[in-house]
Every structure is written in structure tokens, then in C-alpha cells.
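Asker: Pasting the sequence and the predicted coordinates here, then a few questions.
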Amino acid sequence: MREWKDQAIVVVVPRLIFGLTQGAELQPVGEDLWQETIVPLPRVQAGSLFRNVVTRETVAAIAVEGKAALKIGQVLKMFPVALLEKFSAMTDRGCARRLPPFSPSSAGLPRRSRPGRCSHAG
């Protein structure tokens with residue numbers, strides 16, 4: 001997490017996922033794959049909101065053992081990487097509401113032939 005004044009960003013990029021997917025060519029997305037995996041967020045309060053700049057989804061930090069964290073399954077729900085910006089719903093000015101919803105084709109990505117599978121996987 002990087003912070004400057006009252007702004008913060010979090011970059012989430014999975015690595016070493018071969019064991020997680022048991023060697024299958026799966027996109028590392030969704031709660032089924034990530035289950036209870038979290039990323040702790042120092043200096044953030046549970047309930048803080050983060051907007052994924054890539055997918056335009058919003059995710060809230062949760063409390064885990066008294067500290068704030070993000071559930072990776074929610075962060076990587078639709079896309080295998082995330083750039084999250086912390087924001088306040090009170091000061092947001094509705095920017096996310098004016099943006100069209102994310103879809104793989106709008107990002108120039110091929111559609112998956114089966115949920116959770118790469119488009120080139122048989």
C-alpha cells in the first residue's frame with residue numbers, strides 16, 4: 001500500500017499460483033479459488049472503501065483479528081490483478097456511477113470459454 005496525504009493505493013498481483021490452482025491453467029480469480037486469503041492493510045480502518053481502477057468494482061476492508069484487511073477473492077473477483085484506490089463515499093462525487101460496467105471485452109481481453117478457465121485451455 002502506498003499513501004500520500006489522505007490518498008492511498010493498493011496493487012494486488014498474484015504470484016506463485018501453480019500450487020493454488022493445482023497445476024491447472026486457471027485464471028486466478030474469484031472467491032472459490034482464494035477462499036479466506038486476505039491482504040492486511042496497515043493504517044486503514046475496517047469499512048474503508050477501495051475502488052478497483054481496472055474493473056470499477058468497490059470493495060470494503062474487513063476486520064480480521066482487530067485489523068483491517070481485504071479479501072483477495074473479492075478484490076480479484078473478475079480480473080487477475082487489481083489497482084485499488086481508497087475513497088470515501090461522502091467525497092466521491094459519484095465518479096464510478098458515470099463509468100460503464102467492466103467487461104473483459106471492454107478491456108480488450110478475450111472472453112473465457114468456461115468460468116475460471118483460460119480461453120486457450122482445452
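Answerer: Alright, I've got the coordinates. Quantities reported herein were computed from a predicted structural model and do not represent experimental measurements.

Asker: For the residue most central in space within the chain, give me the pLDDT.
Answerer: Centroid check for the chain by CA atoms, centre = their mean gives residue 75 as the closest residue, at 2.2 Å. We note a pLDDT of 94 for residue 75 in this prediction.

Asker: Look up how far residue 24 lies from it.
Answerer: As judged by CB to CB, to the nearest Å, residue 75 and residue 24 stand 21 Å apart. In short, each C-beta sits where N, CA and C put it, glycine included.

Asker: Over to residue 62?
Answerer: Counting by CB to CB - residue 62 and residue 24 are separated by 28 Å.

Asker: neighbour count winner among those two?
Answerer: residue 62 (16 against 11; other CB atoms under 10 Å).

Asker: List the residues that contact the more buried one.
Answerer: Residue 62 makes contacts with 38, 46, 68-71, as judged by CB atoms under 8 Å, 6 or more residues apart in numbering.

Asker: Now the buried members of these.
Answerer: 38, 68-71 (16 or more other CB atoms under 10 Å).

Asker: Could you single out the nearest of those residues to residue 11?
Answerer: Nearest to residue 11 among the buried ones among the contacts of residue 62, counting by CB to CB, is residue 70 at 11.7 Å.

Asker: quick one: contacts for the closest one?
Answerer: Counting by CB under 8 Å, 6+ apart, residue 70 touches 10, 12, 38-39, 41, 50, 59, 61-62, 84.

Asker: pLDDT below threshold where in this structure?
Answerer: 89-122 (pLDDT under 70).

Asker: Can you show me the strands along it?
Answerer: 2-4, 7-12, 38-40, 49-52, 58-60, 62-64, 67-71, 82-87 (DSSP state E).
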